[in-house]
Structures are given as structure tokens and as C-alpha cells.
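**Q** with the input below, show me the fold.
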Amino acid sequence: MKRLLGLLMVFVLMLAGCGGLVPKSDNNAKDTKASKDGKTEIRFWTFWGSDPRKATLNKIIDDYNKSQDKVVVKHTYLPWGDIWTKNLAAIAAGNPADVVINDINATALRGMKNQAEDLTSFVEKDNLADQFSKEMWDATQHEGKTYGIPYNTDTRVLFYNKDAFKEAGLDPNKPPTTWEELEKYSAMLDKKNGSTYEKIGFYPLFGVGPDIWLTNANHKNYIDMDGNVSIDTQKNIDTMNWLKKWQDKYGSDTLQKFQAKFDSQQGNPFFAGNVGMIIKDQSFATQMDDYAKDIDYGVAPLPAPKAGEEPTSWGGGFVAEIPKGSKHKEEAYDFIKFLTNEKNQQYWAEQTFDLVANEKAAEAAGKNLTGNKKVAYQQAVDNMEHTILTPVPVSAPDYFNLVNPQFDNIMQGKKSTEDGLQKAQADVEKLVEQNKK
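**A** This next block holds a predicted model:
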């Protein structure tokens with residue numbers, strides 16, 4: 001799950017603060033000097049090393065390099081995980097790249113820690129904020145300043161098997177819209193052989209964690225950017241008990257057997273028609289194309305807790321940012337502006353199926369796709385209206401470490417729902433107080 005990226009980001013931020021992981025000085029001479037043909041060299045780091053992203057990125061870079069005669073952008077691929085540690089180590093060593101793709105939900109934290117350049121003067125001059133949703137733009141802010149430019153995002157939606165719906169007597173064009181309908185439809189999709197479940201209609205923790213359902217129930221995160229904590233609430237107690245009810249229905253042994261099969265693409269229970277509905281981000285449609293082309297599926301918003309409520313979803317994503325200490329800030333920003341313009345964002349979306357941050361580009365890409373991928377992408381575009389991001393509060397950067405174990409304790413029966421949420425609330429409040437001192 002992409003929320004786990006937040007845990008990794010906090011870890012590498014701590015390492016950078018300790019001055020660890022300083023890399024060897026590779027290509028130092030190129031950091032401050034022009035390339036052989038007199039052009040300023042911009043070092044661009046990403047974790048995109050496989051097609052179609054690599055090929056798409058290379059074309060965009062090539063187009064930029066050909067569009068002007070002052071700058072040459074050179075891309076470096078660094079594996080997922082390594083890029084975060086090397087970026088922070090390079091900043092600490094005074095030898096950063098000029099542009100890095102980084103986690104959007106920790107942008108404010110990097111701004112606070114002086115690990116990213118302030119881009120406010122650039123973006124205000126170009127009115128760049130108008131290209132993106134307010135939710136995404138707000139995630140790049142710290143104390144009114146901009147520290148990254150949104151690049152791509154995602155959103156959780158409901159994938160459902162239309163053939164299974166028909167077989168169960170359900171209208172394949174009317175997916176569930178509330179939690180109550182979700183339970184009803186799931187029961188109709190279940191298939192048992194004696195006491196053994198051969199098919200499961202739906203289980204809310206296949207594909208996502210409890211935090212997604214708390215967001216769906218509350219229409220906000222359980223901690224805000226000011227460090228106000230609202231974990232131990234009646235609504236969250238009810239939501240966790242709702243999740244436990246699903247677990248009790250199917251039983252831990254059944255769920256573990258199904259979960260193990262999700263780790264194998266060919267054996268994925270949704271691909272095999274043994275799970276009727278599942279929550280995934282929109283990119284799941286590409287896996288459907290690869291492994292389950294014969295399944296006729298639909299895509300819909302997350303069901304809301306009750307009729308009339310907003311179907312709130314959660315999203316993550318990435319920004320293009322300039323690491324603190326870049327020697328070529330203006331040139332790096334010019335490349336970022338090119339990277340995130342409507343034309344290049346639309347091209348990226350159509351080639352990679354990523355939900356791009358530029359709103360006009362996302363709309364255009366959705367119209368140009370075909371088949372079920374068009375349906376999935378357009379639903380994702382529409383879903384952004386109901387999707388929230390959860391930027392890491394600077395007063396509680398590692399709150400995940402305190403909350404997630406309590407979710408596990410509750411679901412595993414080691415603690416009551418009330419005790420688990422009370423413990424999480426107290427621990428996060430203590431963390432906030434410690435960091436505000």
C-alpha cells in the first residue's frame with residue numbers, strides 16, 4: 001500500500017537528519033560545470049526504470065533538450081527506496097540532483113526540514129497552481145510556501161465483476177453505493193461448499209487497510225496538518241467494528257487462504273472470478289488487461305457509509321521538486337514546468353495509465369483511452385472530486401508507527417476496539433506534544 005511509503009520517507013528523513021548515508025562523490029565535476037557543448041546540465045532522478053515509463057520519460061526529456069539550447073537534462077534511474085536515501089544523503093553532502101520525483105504526502109515535511117527548495121516565487125509568477133486540484137496543491141505547501149509541483153496521483157475505486165453480478169441476479173450497471181448495499185451484494189455473490197467459501201463477494205481489507213475506511217467514514221484524515229488528533233471517536237469505533245464483522249463472517253483461515261493467492265498475479269482471486277468486488281487504485285485496470293482480459297468488469301466510487309454521504313476516497317502521488325542546494329534552480333524549475341504542462345502530462349497519462357496531476361491533461365487522456373481502461377481512467381478522474389490526500393503533519397511525522405499496530409491489535413483480537421483506539425489516540429497526542437516543544 002502506498003501509505004507505507006510514508007513510513008519509509010520518515011525513516012530516511014531521520015537518517016538524513018543524523019548525517020548518515022552520505023554517498024560517494026559521483027560525477028561531482030558535472031554538478032557545477034557546463035557540459036562539453038556549453039549547456040548547463042540538469043541531473044534528474046526518478047525511480048522509473050521500466051517500460052513504458054522509461055521510454056515515455058526519455059521522449060519527454062529528449063523533447064525538452066531539443067526545445068532550447070541552454071540546458072541538457074540527464075536522467076538517472078535509482079531503484080524504489082534507494083532514491084529517497086540517496087537524495088537526502090546527497091543534500092546533506094551538498095551534492096544534490098537538480099530535480100527529483102518524490103512522495104507528495106511528505107512534501108511539507110521536507111520543506112520544514114529544509115530538504116527542498118522554495119519554489120513560491122516561480123509558481124506565483126506562472127500561476128502554476130491553477131493547473132492542479134486544490135487538494136494536490138495544498139499538499140505541496142508548508143507555511144504558505146510551495147516545495148514541489150504535483151506530477152501524478154491515484155485514487156481508490158471499486159472494481160466489480162459484471163458477470164458475477166449477472167449470475168447472482170444483480171444489475172451489472174448498478175454497483176453498491178452504500179455500506180449496507182455492499183454487505184447485501186457481497187452476500188449474494190458469496191458461494192459456499194458446505195462450510196467452505198469457494199467465492200467471496202467482498203472483503204473490505206483486500207487491497208486496502210483500515211485507514212482507508214476511516215477516511216471514507218469521516219471524510220477526512222484522523223490527524224490534520226496542525227496535529228489535531230481524532231482517532232478515538234465513536235465513528236471510528238463503529239467503523240473498526242464494521243471491519244471486524246466482515247472478518248468474523250468469513251473467518252481468519254478463509255481470509256488468509258484468499259489473501260495468499262493475491263500475491264500471485266495468475267492466481268489472483270479477482271482475476272479467477274473468486275472475489276466479486278475489490279478496492280484498488282485505477283492502475284489495477286492494466287493488470288486486468290494483462291491477466292484477466294476475459295472478465296467483464298465495472299468501476300465505481302467507494303460506497304459511502306450511508307445514502308446521501310460523500311463517497312470519500314484516498315489518494316497518494318508524487319511531486320517534481322528541487323532538492324535543497326541545487327546549483328541550477330532556475331533551469332531545474334523550467335524543466336519541471338515543461339514536465340508538468342498539459343501536453344506532456346497527457347502524453348504521460350496515455351502511455352503509462354498514470355492519473356496525472358494536471359487536471360486538463362487527465363480529462364483529455366480519459367477521453368482518448370478505449371475499452372475498460374477508458375472506463376477505469378475516467379472514473380478515477382471523476383473520483384478526484386471525492387479523493388483526499390493525507391499530508392504528513394510536521395508535528396507527527398511518524399504517527400503511522402503508532403496507529404497501525406493498534407489497528408492490527410484490534411483486528412487480531414489482541415485488544416478491544418475501544419482500548420486500541422484509545423491507545424492510538426494517546427500515543428499520537430504525546431508525539432505531537434513532544435514535537436511541538
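**Q** pLDDT below threshold where in the stretch 301-437 of the chain?
**A** Within the stretch 301-437 of the chain, not a single segment meets pLDDT under 70.
**Q** now do the helices in it.
**A** Assigned by DSSP state H, counting those that start in this stretch, the stretch 301-437 of the chain shows helices spanning 329-339, 342-352, 359-368, 371-383, 400-411, 417-436.
**Q** would you mark the buried spots in the third one?
**A** Same thing as helix 359-368. Residues of helix 359-368 classed as buried by neighbour count (16 or more other Cβ atoms under 10 Å): Glu359, Ala361, Ala362, Glu363, Ala364, Ala365, Gly366. (Glycine included, C-beta is placed from N, CA and C.)
**Q** same question for stretch 119-126.
**A** When neighbours are counted by 16+ other Cβ under 10 Å, the buried residues of stretch 119-126 are found to be Leu119, Phe122, Val123.
**Q** look up how far Thr340 lies from the closest residue to Lys337 other than its chain neighbours.
**A** Excluding the flanking residues, the one nearest Lys337 by Cβ to Cβ, 6 or more residues apart in numbering is Asp126, at 6.6 Å. Using Cβ to Cβ, to the nearest Å, Asp126 is found at 11 Å from Thr340.
**Q** in the stretch 151-300 of the chain, which spans are helices?
**A** Using DSSP H, counting those that start in this stretch, the helices assigned to the stretch 151-300 of the chain run over residues 162-167, 179-189, 210-218, 234-250, 252-262, 284-291.
**Q** for Ala361, which residues are in contact?
**A** By Cβ atoms under 8 Å, 6 or more residues apart in numbering, the residues touching Ala361 are Glu342, Lys343, Asn344, Gln345, Gln346, Trp348, Ala349.
**Q** so the fourth one touches Ala357, yeah?
**A** Spelled out, that is Gln345. Yes - distance between Gln345 and Ala357: 7.1 Å, which falls inside the contact criterion (Cβ atoms under 8 Å).
**Q** okay, now stretch 362-379: how far is its last residue from its first?
**A** The first and final residues of stretch 362-379 sit 11 Å from each other (Cα to Cα, to the nearest Å).
**Q** quick check, distance from that stretch to the centre of its chain.
**A** Centroid displacement of stretch 362-379 relative to its chain, using Cα atoms, centre = their mean, to the nearest Å, is 19 Å.
**Q** and for stretch 157-177?
**A** Worked out by Cα atoms, centre = their mean, stretch 157-177 lies 26 Å from the chain centre.
**Q** how long is that stretch end to end?
**A** The first and last residues of stretch 157-177 sit 12 Å apart, counting by Cα to Cα.
**Q** quick one: buried residues of that stretch?
**A** Residues of stretch 157-177 classed as buried: 157-162, 164-165, 167-168, 170, 172, 175-177 (neighbour count, 16+ other Cβ under 10 Å).
**Q** quick revisit: what would the buried residues of helix 359-368 look like in a markdown table with distance to Asp138?
**A** Shown next, in a markdown table, are the buried residues of helix 359-368 (distance: Cβ to Cβ, whole Å):
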| residue | distance to Asp138 |
| --- | --- |
| Glu359 | 14 |
| Ala361 | 20 |
| Ala362 | 18 |
| Glu363 | 20 |
| Ala364 | 24 |
| Ala365 | 23 |
| Gly366 | 23 |
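**Q** can you tell me which of those residues is nearest Lys74?
**A** Ala361 (24.8 Å; Cβ to Cβ).
**Q** next, count neighbours for the nearest residue in space to the closest one that is not next to it in sequence.
**A** Excluding the flanking residues, the one nearest Ala361 by Cβ to Cβ, 6+ apart is Gln345, at 3.5 Å. For Gln345, the count of nearby residues is 26 (other Cβ atoms under 10 Å).
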